[in-house]
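Asker: sequence first, predicted model second:
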Amino acid sequence: MKLFKSIIYLTSLLVVLGSCSKDLNVDTPDQFSDDNFWTSENNVRSYNWGFYDLFTGFGTGTTADFYFSTPSSPFSDDQAAATFQNYALNVPTTSADWNWTYIRKANIMLERIDKVPMSDEAKNHWRGIARFFRAMDYFTKVKAFGDVPFINSSLDVSQTDVIYKPRDPRALVMDSVLADINFAVANIRTTDQVNTVNKDVALALKARICLFEGSYRIYHTELGLPDADKFLLEGKDACDKLIASKYTLGDYKALYNSLDLAGNKEVLLYKKYLSGVLTHSVIGYTNSTTPMNGLTKSAIEAYAAVDGLPIKQSPLYKGDNTIKDLRANRDNRLLVTIDTVLMYNGTLVTGNSSSTGYRPTKFLNPAAVQLAPNNDTDAPIFWFAEVLLNYAETSALLEKLGKYTVTQADLDKSVNLLRTRAKIAPLMLTGLGTVSASGIVINDPVKPADVSSLMWEIRRERRVELMMDGFRYQDLMRWKEGDKLDKAKNPDAFLGAKVADNKKVLRNADGYIMPYAAAISRTFVDPKNYLMAIPSNQFALYPNGTLKQNPGW
């Protein structure tokens, strides 16, 4: 286990002006000793800034929650990377996710707070902040590895019996995560400083965690994990509180291409980018001659028609022989997300090309710096649309468990708000697990037989609303739908737009762009690929037989 010695950082500016405001990009570089640092609330606040690096946002290079990928979300069925991505066949030597630096940082903060001269309210607030970030980091680790060692003290290098203890069961770790986030919700201030973690952000993280864990336990029956309903009920309660709060939906594209998200009523927390200080590459990689990671045929076909029906049911769908036909009468989110023209090998547009022909456009802003890595638009971290999606799915899952009955009011205050913004007809509840749109009962022919129409349409909303936002891979993992990443089982995830032969682009027999040679394939192996491998360098550190590898690796 990587347990780095914590070094406490503080900028000279914060020494003088400890109450100055903090965005998600400020570092704290001057070193203090552990003995003389814990002397004021401002110093505790300064210590906490380092946690904000856990919010990736648009990243700074080609690792990001949006458009690109992260180690724990390497690819999806929504995009075809310009360079083919596949699962590792062998156990990697190292992993960025198998790292306990931030866990130790949180534990140090929790252990030192009592000695700081500040009010009990302030102490509980900062305990809540430390437990918020500990919960978030452990949540990331459980998504990646399942069972992980749970450490709730800072540890000394001599405590090898704890540092190299066996992995704790997922159930224990996630119960601890739930306890941490509940403490955070109960004790973090409603407001502290602008654009920092507050009570509402803690509620949003709680909703995200509880939906993931509750649904994972429902669909991964092979694990035999209890208490799915406990997580889902807690998650629904968190969503209820946020829905009853001050947040409202705004302009969809403004979430992704704004130079300043301050004041956006949909955003709970965002990562601030500023030219010359902290910048990213998302615009540059969707606005240059570098081949783009285009949307797949599978992703494009997920968007409904304006009548609210899946394209295979809607009489308004005009087909995909041209990009004009494909965009006609479609969900407005599709129109915002892809360009009005196709661009691909042999048919470039201003020198640009996409792996699938579909150019991503929802991140573009002509007023921003255009060249990577100097892009300066802000990235949402927690926002209201995700809360609405979490509420809808959590409610439907509780109905599946017999713990709740979904009503039309539930749809109207969640996914139908998103559909109204997208200018498509609302979902109407027609019975247990069934829905209609524009007076027609929805029965999408591509829906799996074991998924209700209600749940399928909620999943559709989640997919298209959060397109390229970094959620899709882990959504497939928790739904136990890993085969959507398998070429043999989901070939549309490996195809692009339908185009004419230009003698350069690779197409299949039906005229759809093939981003990769026909011989290139990806196979999803169950259960192996539902979790990442424990990196091999860790086994040499642990006593023989103490550390166990994940299934299939």
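Answerer: Thanks, I have it. Given the structure is predicted, the values throughout are model-derived calculations rather than measurements.
Asker: neighbours of Thr420, just the number please.
Answerer: By the criterion of other Cβ atoms under 10 Å, Thr420 has 13 neighbours. (Each C-beta comes from the backbone N, C-alpha and C, glycine too.)
Asker: what's the spacing between the nearest residue to Tyr473 once chain neighbours are set aside and Tyr219?
Answerer: Counting by Cβ to Cβ, 6 or more residues apart in numbering, Tyr473 lies nearest to Ser73, which is 4.0 Å off, once chain neighbours are set aside. According to Cβ to Cβ, to the nearest Å, Ser73 stands 18 Å off from Tyr219.
Asker: ok so, going back, and the residue nearest to Tyr473, what does it touch?
Answerer: Asp65, Gly470, Phe471, Arg472, Tyr473, Gln474 (Cβ atoms under 8 Å, 6 or more residues apart in numbering).
Asker: tell me the pLDDT at it?
Answerer: Predicted confidence (pLDDT) for Ser73: 92.
Asker: torsion angles phi and psi at it?
Answerer: Torsion angles at Ser73 (phi, psi; degrees, to the nearest 10) stand at phi -140, psi 70.
Asker: who does it bridge with?
Answerer: Beta-bridge partners recorded for Ser73 (DSSP bridges): Thr70.
Asker: and the gap between it and Lys487?
Answerer: According to Cβ to Cβ, Ser73 stands 19 Å off from Lys487.
Asker: could you do Pro445 as well?
Answerer: Noted for Pro445: a distance of 21 Å to Lys487, by Cβ to Cβ.
Asker: the two - which one has more neighbours?
Answerer: Set Pro445 next to Lys487 and count neighbours by other Cβ under 10 Å: Lys487 wins out with 18 against 7.
Asker: you'd agree that one is up against Ser521?
Answerer: Yes: using Cβ atoms under 8 Å, Lys487 makes contact with Ser521 at a distance of 4.6 Å.
Asker: find me the pLDDT at Ser33, would you?
Answerer: Confidence score, pLDDT, at Ser33: 85.
Asker: how many residues are close by it?
Answerer: Neighbours of Ser33 (other Cβ under 10 Å): 7.
Asker: so how far is Thr434 from it?
Answerer: In terms of Cβ to Cβ, Ser33 sits 65 Å off from Thr434.
Asker: please apply the same query to Ile163.
Answerer: Ile163 is 53 Å from Thr434, by Cβ to Cβ.
Asker: ditto for Glu399
Answerer: Per Cβ to Cβ, Glu399 is found 12 Å from Thr434.
Asker: these two - which one has more neighbours?
Answerer: Comparing Glu399 with Thr434 by neighbour count (other Cβ under 10 Å), the higher total belongs to Glu399, at 19 against 15.
Asker: correct me, but that one touches Val406?
Answerer: Yes: with contact defined as Cβ under 8 Å, Glu399 reaches Val406; the gap is 4.9 Å.
Asker: so where's the chain uncertain?
Answerer: 1-31 (pLDDT under 70).
Asker: what about the strands in it?
Answerer: 9-10, 30-31, 79-80, 267-271, 294-295, 379-383, 428-431, 434-437, 440-441 (DSSP state E).
Asker: grab the longest helix from the chain for me.
Answerer: helix 120-145 (DSSP state H).
Asker: so which bits of that one are buried?
Answerer: Buried residues in helix 120-145, defined by neighbour count with 16 or more other Cβ atoms under 10 Å: 122-145.
Asker: are there helices or strands packed against it, and which ones?
Answerer: helix 41-48, helix 101-112, helix 170-187, helix 199-219 (3 or more Cβ pairs under 8 Å, 6 or more residues apart in numbering; DSSP states H and E).
Asker: hmm, try it at 6 Å
Answerer: helix 41-48, helix 101-112, helix 170-187 (3 or more Cβ pairs under 6 Å, 6 or more residues apart in numbering; DSSP states H and E).
Asker: reformat those as TSV; add distance to Val277 and mean neighbour count.
Answerer: Below are the helices and strands packed on helix 120-145 laid out as TSV (distance: least, Cβ to Cβ, whole Å; neighbours: other Cβ atoms under 10 Å):
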stretch	distance to Val277	mean neighbour count
helix 41-48	18	21
helix 101-112	23	20
helix 170-187	29	20
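Asker: what would these look like in TSV with distance to Thr322?
Answerer: TSV is the format used below for those (distance: least, Cβ to Cβ, whole Å):
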stretch	distance to Thr322
helix 41-48	53
helix 101-112	49
helix 170-187	48
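Asker: so for Gly214, which of these sits nearest?
Answerer: Gly214 lies closest, by Cβ to Cβ, to one member of the helices and strands packed on helix 120-145: helix 170-187, at 10.0 Å.
Asker: and the closest one, how far out from the chain's middle?
Answerer: Centroid separation between helix 170-187 and its chain, computed with Cα atoms, centre = their mean, to the nearest Å, is 19 Å.
Asker: helices along the stretch 301-450 of the chain, start to end?
Answerer: 323-327, 332-337, 384-400, 408-412, 415-421 (DSSP state H, counting those that start in this stretch).
Asker: ok, which of those helices comes nearest Ala368?
Answerer: helix 332-337 (16.3 Å).
Asker: extract the C-alpha set from the closest one and format it as CSV.
Answerer: In CSV, the C-alpha atoms belonging to helix 332-337 read as follows (Å, rounded to 0.1, in the frame of the first residue of the first chain):
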residue,chain,number,x,y,z
ASN,A,332,-32.1,18.8,-28.5
ARG,A,333,-29.2,17.3,-26.5
LEU,A,334,-28.1,15.5,-29.6
LEU,A,335,-28.2,18.7,-31.6
VAL,A,336,-26.0,20.4,-29.0
THR,A,337,-23.6,17.4,-28.7
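Asker: contacts for it, please.
Answerer: Here helix 332-337 makes contact (Cβ atoms under 6 Å, 6 or more residues apart in numbering) with Tyr252, Lys253, Tyr303, Arg327, Lys362, Ala422, Lys423, Val464, Met467.
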